[in-house]
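**Student:** Pasting the sequence and the predicted coordinates here, then a few questions.
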Amino acid sequence: MIAMDFPGMSEVKAFLEQFDKAEQLYLKVGMELFYAAGPDVIKYIKSLGHDVFLDLKLHDIPNTVKSAMRVIRHLDVDLTNVHAAGGVEMMAEALDGLAGTTKLIAVTQLTSTSEKQMHDFQNIQTSLTDSVIHYAKKTQEAGLAGVVCSAQEVEMIKAATSKAFICLTPGIRPIGAAVGDQKRVMTPAKARAIGSDFIVVGRPITQAEKPNEAYSLIKSQWLS
Ligand SMILES: O=c1ccn([C@@H]2O[C@H](COP(=O)(O)O)[C@@H](O)[C@H]2O)c(=O)[nH]1
């Protein structure tokens, strides 16, 4: 998946024009783009035949999240998410709001979080891996299809849940790429070998001189 972290529709159009029209993409629309361009950007991307992961990471009281999901279910997205930290009731209500129209997954610990940050800021005094596995099990209990996690945790999550439980992994960096704010990273090839179901790549593609070439290279590393 390509993280479409752009400020508006015109940047999306300019970016997608660089790709072969026949290439079907899986595009992640996050907060920046959705707050700027709204449902129109989803309609546009879907009109080109691409798949959409709407990455809004909802986290609120169960009733509010359910109501938001009732709106999202009409957007024709293929996948969306909440924060597992919102709780099992919130996740179950989110699922209910989607009424089976869209796959739902939950964020465990953001890939920009280190174990030290988790200890100091969230005051969770387990290992980061234990925290991620805890959230993954709670997500499964709530009936969701999988989690957002680092590729570093995929094997342990699948062992604790099931092989079919989706592990979608941002924090992917080809060898030599700038890590930026990501803390728990992995290369595309290693993420595939370890069992990630989807990798999400943003800046290494969107900020590349030739994004379509960067995408093709990462895709070939993922498929190798
Ligand atoms: O734990 C998470 C959850 C979501 N993301 C999102 O993925 C992309 C990653 O972009 P890069 O430029 O490849 O770092 C971005 O949209 C995040 O919001 C994440 O990184 N980690």
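**Tutor:** Everything's here; your move. Predicted model, so just to flag it, every value in this text is computed and none were measured. Numbers count the residues shown, from 1 in each chain.
**Student:** switch to C-alpha atoms for all contacts and neighbour counts from now on
**Tutor:** OK.
**Student:** Next, the contact list for the residue of the chain most remote from its centre, please.
**Tutor:** Residue farthest from the centre of the chain, counting by C-alpha atoms, centre = their mean, is Gln125 at 25.6 Å. Residues in contact with Gln125, defined by C-alpha atoms under 8 Å, 6 or more residues apart in numbering, are 118-119.
**Student:** and it, how far is that from Ser216?
**Tutor:** Applying C-alpha to C-alpha, to the nearest Å, the value for Gln125 to Ser216 is 41 Å.
**Student:** in the chain, which spans are strands?
**Tutor:** 2-3, 26-30, 51-58, 79-83, 103-107, 146-148, 166-169, 198-199 (DSSP state E).
**Student:** which residues of the chain fall in helices?
**Tutor:** Applying DSSP state H to the chain gives helices spanning 9-16, 31-37, 39-47, 62-72, 88-98, 115-117, 128-141, 154-160, 188-194, 203-206, 211-223.
**Student:** quick one on the thing from earlier: so which of the strands of the chain comes closest to the ligand?
**Tutor:** Among the strands of the chain, strand 2-3 comes nearest to the ligand, with 4.9 Å by C-alpha to the nearest ligand atom.
**Student:** helices or strands next to the closest one in the packing?
**Tutor:** strand 26-30, helix 203-206 (3 or more C-alpha pairs under 8 Å, 6 or more residues apart in numbering; DSSP states H and E).
**Student:** Output the contacting helices and strands for the last one.
**Tutor:** For helix 203-206, the packing partners by 3+ C-alpha pairs under 8 Å, 6+ apart come out as strand 2-3, helix 211-223.
**Student:** Tell me which of the ones you listed sits most buried.
**Tutor:** Counting by mean count of other C-alpha atoms under 10 Å, strand 2-3 has the highest mean neighbour count of the helices and strands packed on helix 203-206, with a mean of 21.
**Student:** Can you get me the start-to-end distance on stretch 71-83?
**Tutor:** This stretch, stretch 71-83, spans 18 Å end to end (C-alpha to C-alpha).
**Student:** And stretch 103-118, by the same measure?
**Tutor:** For stretch 103-118, the end-to-end distance is 28 Å (C-alpha to C-alpha).
**Student:** Does at least one residue of it sit close to the ligand?
**Tutor:** Yes: using C-alpha under 6 Å from any ligand atom, we find that stretch 103-118 touches the ligand at 110-111.
**Student:** buried sites along that stretch?
**Tutor:** 103-112, 115, 118 (16 or more other C-alpha atoms under 10 Å).
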